[in-house]
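[1] Fold the following.
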Amino acid sequence: MPDRAPTPVRTPPEGAHALVVGASGITGSALVRQLTDAGWRVTGLSRSPLPGSSSEHVAADLRSLSSLREALGGLGPTHVFIAAWSRQETEAENIRVNGGMVRDLLAVLGPQHTVRHVALVTGLKHYLGPFEAYGQGDLPDTPFLEDAVRLNVENFYYAQEDELFAAALKHDFTWSVHRSHTVIGHAVGNAMNIASTLGAYAGIQAHRGLPFIFPGSLTQWNGVVDLTDADLLADHQVWAATTPEAADTAFNVVNGDVVRWRRLWPRLAAHLGVEPEGPGETPQPLESQMAGVEDVWAEIVASQGLAEPDLARVASWWHTDADLGRDMEVIADMTRSRLLGWTGYVNSERALLGVVDRYRAERLIP
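    Here you go, the predicted structure:
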């Protein structure tokens, strides 16, 4: 039985040229693969080229308007996919930096008069609040609906959206916003990578002879939650960018099923060859459990011949703690996409185990 609905080959519109911003990340790299396979002309913007990709590449500092002008002057993309962000110490800085990146990028591309559509990837912190006020205050009911009123708190997702809306109005292109949940996919050095993080955690625990303890809350252990597959998210963006009925719309993007960690955790543990253990009465954050394990990781890298000696490029403890430690239900509604003809579906458990296998095959996790 397949683990996902077939992904359509979305033939590029005439003269289409896609610019993927954040091409080396989980979402961006999946986009580059799909667009390239479908015959699009693709340019990836990231600090370094995507290994093994035949797409064009430009390097630019998204925080520098002059760098963007130099790198993108005359590029003339028709479709822009923004899948990049830069984590800052405070939400005020997140707003300044990440809102500024969208503003400056579109200030360079808009006057070229070639852009037809811009897709922006954000996430469910649109409904949950930023890291500084995560899950606090009067949150909307689940499943989250795209027309929920914005929270009365600073949020860099709101700033990014506002910059997108203003640029679309000024430069006459359509837009879409794609609010994903926890993304399952492949990338190295990504700040929000639950699959490689849990794979590294399992390897460290096995090396130390310790159980694979669920680090999160009882609410997440017992409740249901949805996830977002990177390939499905990529296809959703291309669908919205090429479907007139989906123009100028914000969408939730999740796989279409739900999982319970109390069932998934032992299956993931068996797949990774470690002994599972459920949560305690209070969360046991990975950021605390894994403090000072760099020497252990170095031993694992040496003994198993792993490809990435820098543990920080494989595991993002803090972000997985945020996902698994929540004391609330988090589920997103997909009705808006379904009514417009979207049929994508992914089995979340199989997707997670599949990407773990890919990381292991590439010697990135034990």
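
[2] can we go C-alpha only for contacts and neighbour counts from here?
    Will do.

[3] all strands of the chain, in order?
    Residue ranges of the strands in the chain, as given by DSSP state E, are 17-21, 41-45, 56-58, 79-82, 117-123, 174-180, 183-184, 212-213, 228-229, 249-253, 276-277.

[4] Out of those strands, which gets nearest to residue 70?
    Within the strands of the chain, the stretch nearest residue 70 is strand 56-58; the backing value is 10.1 Å (CA to CA).

[5] The closest one: which residues count as buried?
    With burial defined by 16 or more other CA atoms under 10 Å, the residues of strand 56-58 counted as buried are 57-58.

[6] quick one on the thing from earlier: out of the strands of the chain, flag the one nearest residue 308.
    When the strands of the chain are compared by CA to CA, strand 183-184 sits nearest residue 308, at 19.5 Å.

[7] Give me the distance between that closest one and the centre of its chain.
    Between the mean C-alpha location of strand 183-184 and the chain-wide mean there is a distance of 6 Å, by CA atoms, centre = their mean, to the nearest Å.

[8] which stretch among the strands of the chain comes nearest residue 292?
    The minimum distance between residue 292 and the strands of the chain falls on strand 212-213, with 17.5 Å, by CA to CA.

[9] Please name every helix or strand in contact with the closest one.
    Using 3 or more CA pairs under 8 Å, 6 or more residues apart in numbering; DSSP states H and E as the contact definition, the elements that strand 212-213 packs against are helix 194-208, strand 276-277.

[10] Just give me the neighbour total for residue 74.
    12 (other CA atoms under 10 Å).

[11] Show the contacting residues for it.
    In this structure, residue 74 makes contact with residue 112, judged by CA atoms under 8 Å, 6 or more residues apart in numbering.

[12] For it, give me the pLDDT.
    Looking at residue 74, its pLDDT stands at 93.

[13] State the distance from residue 84 to residue 45.
    Applying CA to CA, to the nearest Å, the value for residue 84 to residue 45 is 10 Å.

[14] Give me the more crowded residue out of these two.
    Taking other CA under 10 Å, residue 84 and residue 45 do not tie; residue 45 has more neighbours (26 against 23).

[15] how about the more buried one, what does it touch?
    Each residue near residue 45 by CA under 8 Å, 6+ apart is listed here: 19-23, 57-60.

[16] Which of those sits closest to residue 363?
    Taking the contacts of residue 45 together and measuring to residue 363 by CA to CA, the closest member is residue 23, at 21.8 Å.

[17] is it true that the closest one touches residue 51?
    No. Taking contact to mean CA atoms under 8 Å, the distance of 10.6 Å between residue 23 and residue 51 leaves them out of contact.

[18] what about those two, which has more around it?
    Taking other CA under 10 Å, residue 23 and residue 51 do not tie; residue 23 has more neighbours (29 against 8).

[19] Which residues are in contact with that one?
    Taking CA under 8 Å, 6+ apart as the criterion, residue 23 is in contact with 29, 31-32, 44-46, 49-50, 83.

[20] Which residue in those has the weakest pLDDT?
    Ranked by pLDDT, the contacts of residue 23 bottom out at residue 50, which has 66.

[21] Starting from residue 232, give me the distance back to the residue sitting nearest the centre point of the chain.
    Centre of the chain computed as the mean C-alpha position; nearest residue by CA atoms, centre = their mean is residue 183, 4.5 Å away. When CA to CA is the yardstick, residue 183 and residue 232 sit 10 Å from each other.

[22] Which residues are in contact with residue 87?
    Residue 87 touches residue 94, counting by CA under 8 Å, 6+ apart.

[23] Distance of it relative to residue 95?
    Here the distance between residue 87 and residue 95 works out to 10 Å (CA to CA).

[24] what's the answer for residue 60, then?
    20 Å.

[25] Kindly report the same for residue 118.
    For residue 118, the distance to residue 95 equals 19 Å [CA to CA].

[26] Helices along the stretch 151-300 of the chain, start to end?
    Listed in chain order, the helices of the stretch 151-300 of the chain (DSSP state H, counting those that start in this stretch) span residues 156-171, 194-208, 218-222, 230-242, 261-272, 286-289, 294-304.

[27] got the angle between the fifth one and helix 194-208?
    With axes from the mean of the first three to the mean of the last three CA atoms, to 10 degrees as the basis, helix 261-272 and helix 194-208 are set at 60 degrees to each other.

[28] what's helix 261-272 in contact with?
    Identification of contacts with helix 261-272 by CA under 8 Å, 6+ apart yields 199, 202-203, 212, 214, 220-224, 275-278, 349, 353.

[29] ok, 7 Å please
    Outside of helix 261-272, the residues that reach it under the criterion CA atoms under 7 Å, 6 or more residues apart in numbering are 202, 212, 220-222, 275-276, 349, 353.

[30] got any ranges where the stretch 51-200 of the chain has weak pLDDT?
    Counting by pLDDT under 70, the stretch 51-200 of the chain shows low-confidence ranges at 52, 191.

[31] More neighbours: residue 118 and residue 95, which one.
    Applying other CA under 10 Å to residue 118 and residue 95 shows that residue 118 carries more neighbours, namely 27 against 20.
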